[in-house]
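Participant: give me a model of this one.
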Amino acid sequence: MRNSNSGHVGIVIVSHSPKIAEGAADMVRQMVGDAVPLAWTGGDVDGGLGTNVAGILEAIETAWSPAGVAILVDLGGAETNSEMAIELLPEERQGRVVVCNAPIVEGAVVAATEASGGSSLEVVRATAEELSP
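Facilitator: Numbers count the residues shown, from 1 in each chain. So this is what the prediction gives:
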């Protein structure tokens with residue numbers, strides 16, 4: 001996980017597979033460089049397929065920006081655990097973290113591209129969600 005200390009919306013990638021999460025994050029970095037705070041997490045606490053709330057909280061903290069954080073997820077369990085992680089954040093941060101209903105790789109790339117231009121959290125989310133059917 002890497003972070004860039006900018007005023008841009010942060011991006012978190014959550015996958016059931018650590019390799020998918022890391023690969024998607026690598027793609028984002030190659031497309032937008034270090035312009036946006038970025039973190040990824042994948043796998044359960046035992047290293048198998050799955051997601052875990054603690055890992056998601058750590059990724060949110062790594063990608064934290066006052067502009068907010070957009071989370072991209074691969075499957076329903078990742079979304080559920082991301083929502084649980086948001087609920088565990090301090091109240092003043094909860095409203096500045098959103099889960100995007102978008103494809104994980106394409107969504108992360110377009111969200112990061114939008115964020116790198118200085119767009120708001122709402123615009124970053126809407127741009128990523130335009131990819132959903």
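
Participant: what does the average pLDDT come to for the longest helix anywhere in the chain?
Facilitator: If you go by DSSP state H, the chain has its longest helix at helix 18-32. Averaged across helix 18-32, pLDDT comes to 96.

Participant: so how far is stretch 91-102 off the chain centroid?
Facilitator: When C-alpha coordinates are averaged (Cα atoms, centre = their mean, to the nearest Å), stretch 91-102 and its chain have centres 10 Å apart.

Participant: which other helices and strands contact the longest helix of the chain?
Facilitator: strand 10-15, strand 38-42, helix 104-116 (3 or more Cβ pairs under 8 Å, 6 or more residues apart in numbering; DSSP states H and E). Every residue, glycine included, has its C-beta placed from N, CA and C.

Participant: so which of those comes closest to Ser82?
Facilitator: Between Ser82 and these, the shortest gap by Cβ to Cβ is with strand 10-15, which sits at 5.6 Å.

Participant: who touches that closest one?
Facilitator: Outside strand 10-15, the residues within contact range by Cβ atoms under 8 Å, 6 or more residues apart in numbering are 3, 21, 24-25, 28, 36-42, 51, 56, 59-60, 62-65, 67-74, 78, 81-82, 104, 108, 111-112, 115.

Participant: just to revisit the earlier point, the helices and strands packed on helix 18-32: which one's closest to Arg125?
Facilitator: helix 104-116 (7.5 Å).

Participant: so where's the protein uncertain?
Facilitator: Within the chain, the ranges that satisfy pLDDT under 70 run 1-6.

Participant: which of the helices or strands spans the residue lying farthest from the centre of it?
Facilitator: Within the chain, the residue lying farthest from the chain centre (Cα atoms, centre = their mean) is Asp46, at 21.6 Å. Using DSSP states H and E, Asp46 sits in no helix or strand.

Participant: from Ala102, how far off is Leu72?
Facilitator: 6 Å (Cβ to Cβ, to the nearest Å).
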